[in-house]
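Trainee: Here is the input, now give the coordinates:
(chains A and B)
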2 protein chains.
Amino acid sequence: MASLEQEAIKIQHPYFPRDAPLAHYVPSKFNVGEAFMTLGSAIAVLMVTSAILIKRSSKQLSCKDKSIVVWMMVCAGIHIVLEGYFSFNHKNLAGMQTVMADLWREYSHSDSRYLTSDPFTVIMEGITAVFDGSFAVVTAYGVLVDSPIRYPAQLVTSLMQLYGNILYMGINYMEGFRYSNPHPYYFYGYFVLMNAIWIVIPIYLIVDAVKNLYRGMLIAQRATIVKKAN
Amino acid sequence: MASLEQEAIKIQHPYFPRDAPLAHYVPSKFNVGEAFMTLGSAIAVLMVTSAILIKRSSKQLSCKDKSIVVWMMVCAGIHIVLEGYFSFNHKNLAGMQTVMADLWREYSHSDSRYLTSDPFTVIMEGITAVFDGSFAVVTAYGVLVDSPIRYPAQLVTSLMQLYGNILYMGINYMEGFRYSNPHPYYFYGYFVLMNAIWIVIPIYLIVDAVKNLYRGMLIAQRATIVKKAN
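Mentor: Predicted coordinates for the structure are as follows:
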């Protein structure tokens, strides 16, 4: 009898796998559209802030560098605020009534590990919030003031984003995407598309950083040789 | 009856957790001392090879740089050969009769995930074998020929080693070290000590790389400004 009751409790949620342990799940009281609007507005504020910082920068930035500032600022916001929120609240997230819990409950249709305190997800997100978030800020700052820290920070941020994301997607793949709702909206729209962004752009930025660091270190070597020769 | 038999099969291995699914486990036919001797000899060969390469290098290397060449060569050997072997054979490793399977069966006392095709472990080790291994070779090469790729490669190798290892240790920690034999020899000797090496040294090498890249990029910036001014 008890096991039947437990069974009934177990499936009182819309996530995959259907037997995911989510006894603490409470559906959102709000419309998911409102949560998306809030997220969109927050990203828009970050973009406008980036535009103001770019405008006020003493350096004349290329279109590429402007884009990197915007990208890193948006990443920093998502890593520190949204993923930081997850890291702090992962145990209770499934039952919380906040805009950010709504966003995580919605995203979790594509990956229920965000609601079950999955150890890999919790540690990876903690690292992402603290380190990827901080280094994204340093990269944006580095571009804006043309600091020598820019490319090292760009490499660190992007490499950590890429590594974390490949492990994240790879584990779900190896487990037969059992954490994902197979509906294309959730699987392709959320799981594949959203995460592909943090695969493609970091790869580009890693290559860009390594190229520029190589070139810079070559110039530094030659400059040091010339100095020694004089 | 069937479940009792299954139970009997389940516990026919010495690993933790005691119910780890290891029906394919076959004890080693050889003495573990021989496997350690082979590993030790292979590492000694890598060290001697490194010493020869250092000797033949046209550059006068500092003690620190010599140590980094040896470290990266040993890492490359372990990543590519030992961890590559795991990546290829993880499904059958528990029952294989080879020196490398012996080594993995021995290490697995401290972490049974190496014998159960744990998805995180398989992906992390695959990445380590291919990417950490290659970048370790590039770093050693970079030091030996004083190439501008040296510090970018050192940063990439060490950051990936550190990230992979923190996730690896962190997941076991979050799951109450359930994959580890609690005996101090296995837990502290294998799990803590061996992995601590790949936490401490990578942190040192990351800081070293970022410092040197910062300095180099600063020299490059100034050299470019001077060139533009002339």
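Trainee: pLDDT averaged over the biggest helix by length in chain A - what is it?
Mentor: For chain A, the longest helix by residue count, based on DSSP state H, is helix A:195-229. Here helix A:195-229 scores 93 as its mean pLDDT.
Trainee: what do you get for stretch A:163-178?
Mentor: On average, stretch A:163-178 scores 95.
Trainee: Restrict it to CA atoms and write it as PDB.
Mentor: Extracted C-alpha coordinates of stretch A:163-178, given in PDB (Å, rounded to 0.1, in the frame of the first residue of the first chain):
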ATOM      1  CA  TYR A 163      34.300  21.900 -20.800                       C
ATOM      2  CA  GLY A 164      31.400  22.200 -18.400                       C
ATOM      3  CA  ASN A 165      28.900  22.100 -21.200                       C
ATOM      4  CA  ILE A 166      30.400  19.200 -23.100                       C
ATOM      5  CA  LEU A 167      30.300  17.100 -19.900                       C
ATOM      6  CA  TYR A 168      26.800  18.300 -19.200                       C
ATOM      7  CA  MET A 169      25.400  17.400 -22.600                       C
ATOM      8  CA  GLY A 170      27.600  14.300 -22.900                       C
ATOM      9  CA  ILE A 171      26.400  12.700 -19.700                       C
ATOM     10  CA  ASN A 172      22.700  13.200 -20.800                       C
ATOM     11  CA  TYR A 173      23.600  11.700 -24.200                       C
ATOM     12  CA  MET A 174      25.400   8.700 -22.600                       C
ATOM     13  CA  GLU A 175      22.300   8.100 -20.400                       C
ATOM     14  CA  GLY A 176      20.000   8.100 -23.500                       C
ATOM     15  CA  PHE A 177      18.700  11.600 -22.800                       C
ATOM     16  CA  ARG A 178      16.700  10.200 -20.000                       C
END
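Trainee: How about the residues of chain A by chain B?
Mentor: Neighbours of chain B within chain A, by Cβ under 8 Å from any Cβ of the partner chain: A:119-120, A:122-124, A:127, A:146, A:148-152, A:155-156, A:159-160, A:163-164, A:166-167, A:170-171, A:174-175, A:209-210, A:213-224. Just so you know, the C-beta spots here come from the backbone N, C-alpha and C atoms, and that holds for glycine as well.
Trainee: ok, so what distance separates the residue nearest the centre of chain A from A:M37?
Mentor: The residue lying closest to the centre of chain A (Cα atoms, centre = their mean) is A:H79, at 5.2 Å. With distances taken as Cβ to Cβ, to the nearest Å, A:H79 is found 21 Å from A:M37.
Trainee: does the residue nearest to the centre of chain A really touch A:I127, like I thought?
Mentor: No: under the criterion of Cβ atoms under 8 Å, A:H79 makes no contact with A:I127, lying 9.7 Å away.
Trainee: which SS class is A:S147?
Mentor: The three-state label given to A:S147 by DSSP: H, G, I helix; E, B strand; the rest coil is coil.
Trainee: Any of the residues of chain A next to chain B buried? List them.
Mentor: The neighbour count (16 or more other Cβ atoms under 10 Å in any protein chain shown) marks A:119-120, A:122-124, A:127, A:148-152, A:155-156, A:159-160, A:163-164, A:166-167, A:170-171, A:209-210, A:213-214, A:216-217, A:219-221, A:223 as buried among the residues of chain A next to chain B.
Trainee: what's the next secondary structure element after the helix-or-strand element of chain A with minimal mean pLDDT?
Mentor: Least confident element among the helices and strands of chain A, by mean pLDDT, DSSP states H and E: helix A:2-10 (a mean of 53). On the C-terminal side of helix A:2-10, the nearest following helix or strand under DSSP states H and E is helix A:32-56.
Trainee: picking up where we left off before, got the angle between the longest helix of chain A and helix B:195-229?
Mentor: Relative orientation of helix A:195-229 and helix B:195-229, computed by axes from the mean of the first three to the mean of the last three Cα atoms, to 10 degrees: 60 degrees.
Trainee: Please give me every residue in contact with the closest residue to A:L61 other than its chain neighbours.
Mentor: Of all residues beyond its chain neighbours, the one nearest A:L61 is A:I54 (6.0 Å), with distances taken as Cβ to Cβ, 6 or more residues apart in numbering or on different chains. Shown in contact with A:I54 (Cβ atoms under 8 Å, 6 or more residues apart in numbering or on different chains): A:L61, A:K66, A:V69, A:V70, A:L144.
Trainee: what stretches of chain A score poorly on pLDDT?
Mentor: Applying pLDDT under 70 to chain A flags the ranges A:1-11.
Trainee: try 50 this time
Mentor: A:1-2 (pLDDT under 50).
Trainee: which other residues reach stretch A:194-206?
Mentor: Residues outside stretch A:194-206 that contact it (Cβ under 8 Å, 6+ apart): A:68, A:71, A:107, A:110, A:154-155, A:157-159, A:161-162, A:165-166, A:168-169.
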